[in-house]
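J.: only geometry, no sequence info:
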Ligand SMILES: [Ca+2]
């Protein structure tokens, strides 16, 4: 495959230095503190990956995410480059299950990719022609053999394009029994919009090859009705500032 490049999908939020505000202790500055809190919520957001580890069965996976087999939003999942090792199978990444057999040390219910393998998820863009907004991506690895490490780079393409844009990367080469990473945009918006497909490039985790058990891709159809921010959030903030101003006025009088 050609056409991969390293452009950040969402680069602009990083071009501004983070804004800061001082924590103050005097009542005089209560209103300023509250306003500062309001500014804080508007700081430039960025793509964030949280990592959790556990024992066998700690985590569950979704069978209703955008990329799960059988969902109307899913079109195809293939290994484009590389191979599935030790009897593993790429189709195990979106079957909505983690374990199929009593022997959870086995690679068979996983994708255990050769280093450099590239898989491609294609979404169904015939029913949702504008593609999809990606909300979050959860990747589950492991159980046994110290194969819970994750090291991959995720890419996306706009609908109708073969140009893969880098979205995020994960490199967590630990030997825990299970690991779940969850990547999202901490500003609350989508990771990317108008998405037609995703690719994952698997890299070496420094030890035994990783056992990937599921990749859940959550999101909504682009152009579908979006949730409107809760008005009570703003009402609460405005109310708090008003109380602060009243308090300041009383102290001065
Ligand atoms: Ca799934």
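T.: Sure thing, it's come through. None of these values were measured; they are calculated from a predicted model.

J.: So what does the residue in the stretch 151-253 of the chain that the ion sits nearest to have for phi and psi?
T.: For the stretch 151-253 of the chain, the nearest residue to the ion under the criterion CB to the ion is residue 216, separated by 4.4 Å. Every C-beta, even on glycine, is put in place using the N, C-alpha and C of the backbone. For residue 216, the backbone dihedrals (degrees, to the nearest 10) come out as phi -100, psi 130.

J.: try the one 3 residues further on
T.: When quoted as degrees, to the nearest 10, the phi and psi of residue 219 stand at phi 170, psi -170.

J.: And it, what's its pLDDT?
T.: At residue 219, the predicted lDDT confidence score is 97.

J.: State the distance from residue 113 to the ion.
T.: 17 Å (CB to the ion, to the nearest Å).

J.: Residue 84 is in contact with that residue, correct?
T.: Yes - applying CB atoms under 8 Å as the test, residue 113 and residue 84 come out as touching, 6.4 Å apart.

J.: Give me the more crowded residue out of the two.
T.: Neighbour tally, residue 113 and residue 84, criterion other CB atoms under 10 Å: the higher count belongs to residue 113, 27 against 21.

J.: who are the neighbours in contact with the more buried one?
T.: Contacts for residue 113 (CB atoms under 8 Å, 6 or more residues apart in numbering) come out as 79, 82-85, 88, 119, 202, 209-210, 212.

J.: In strands, which of the residues you listed appear?
T.: When strands are assigned by DSSP state E, the members of the contacts of residue 113 inside them are 79, 119, 202, 212.

J.: quick revisit: just the buried residues of the contacts of residue 113.
T.: With neighbours counted using 16 or more other CB atoms under 10 Å, the contacts of residue 113 contain these buried positions: 79, 82, 84-85, 88, 119, 202, 209-210, 212.

J.: Adding distance to the ion and pLDDT, write these out as CSV.
T.: Formatted as CSV, the buried ones among the contacts of residue 113 follow (distance: CB to the ion, whole Å; pLDDT from 0 to 100):
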residue, distance to the ion, pLDDT
79, 17, 97
82, 21, 95
84, 17, 94
85, 22, 92
88, 17, 92
119, 14, 97
202, 18, 96
209, 21, 84
210, 18, 91
212, 12, 95
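
J.: Spell out the residue ranges of the strands in the stretch 101-250 of the chain.
T.: Listed in chain order, the strands of the stretch 101-250 of the chain (DSSP state E, counting those that start in this stretch) span 118-123, 132-142, 150-158, 165-172, 178-185, 192-202, 212-221.

J.: helices or strands up against the shortest one?
T.: Going back to what we said before, that points to strand 118-123. If contacts are counted by 3 or more CB pairs under 8 Å, 6 or more residues apart in numbering; DSSP states H and E, strand 118-123 sits against strand 74-81, strand 192-202.
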